[in-house]
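**Q** Sequence and predicted structure are below.
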Amino acid sequence: MALCPESQGGGVLYRIAARAAAAPGEAAFTVACDMPFLLPDVARLVTSRADRADVVLPRVGGQLETLHACYAKSCLAPMERRLRAGQLKIIGFFGDVRVLEIAEAEVARFRAPELVFMNVNTPEELARARTLLSALEPA
């Protein structure tokens, strides 16, 4: 499915749809570029369930981690409808697809969720991430 050209101003939702459309398989795993502690075990946890739903994503502290998720190609038509309507909220199409949430406790088996999903957008956050990283590295 080719995304409509006018959807290109659709921000993050458009970029997720574009990645899902370009994926060689039936789904695409997405992660935000400002999440420095991407953990392969958590990525595998999410992607291993891709055959169970159209969207698979963790829920941590009541928040859906929409940028650490797996989106199936079956999401493309609902995403496209939202993009054409100018409705850019990522979860806006969730009511039209099957969504599987991964509990915070499942993520916590691998590492603290607040670390796994930490965002780095400021110099202060970068300094904190560096401090956390040095604490994680073996001596």
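**A** That came through, no problem.
**Q** can we go C-alpha only for contacts and neighbour counts from here?
**A** Fine.
**Q** Next up, the contacts around Phe93.
**A** Pro78, Met79, Arg82 (CA atoms under 8 Å, 6 or more residues apart in numbering).
**Q** pLDDT score for the first one?
**A** Going back to what we said before, that points to Pro78. At Pro78, the pLDDT value in this model is 97.
**Q** So for it, what's the nearest residue that isn't a sequence neighbour?
**A** Phe93 (5.7 Å; CA to CA, 6 or more residues apart in numbering).
**Q** Please, where are all the helices along this structure?
**A** 11-22, 40-47, 76-84, 104-108, 113-116, 123-136 (DSSP state H).
**Q** Buried residues in the shortest one, which are they?
**A** Meaning helix 113-116. Buried residues in helix 113-116, counting neighbours by 16 or more other CA atoms under 10 Å, are found at Pro113, Leu115, Val116.
**Q** same thing with the longest one?
**A** For helix 123-136, burial by neighbour count (16+ other CA under 10 Å) applies to Ala129.
**Q** Can you tell me which of the buried residues of helix 113-116 is closest to Asp34?
**A** Val116 (11.3 Å; CA to CA).
**Q** my read: that closest one touches Leu39, true?
**A** Yes - under the criterion of CA atoms under 8 Å, Val116 makes contact with Leu39 at 6.7 Å.
**Q** quick one: buried residues of stretch 91-105?
**A** Buried residues in stretch 91-105 (16+ other CA under 10 Å): Phe93, Leu100, Glu101, Ile102, Glu104.
**Q** With stretch 25-35 instead?
**A** For stretch 25-35, using 16+ other CA under 10 Å, the buried residues are Ala27, Ala28, Phe29, Thr30, Val31, Met35.
**Q** can you put the buried residues of helix 113-116 in a markdown table and add pLDDT and distance to Leu133?
**A** Formatted as a markdown table, the buried residues of helix 113-116 follow (pLDDT from 0 to 100; distance: CA to CA, whole Å):
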| residue | pLDDT | distance to Leu133 |
| --- | --- | --- |
| Pro113 | 92 | 15 |
| Leu115 | 89 | 10 |
| Val116 | 90 | 12 |
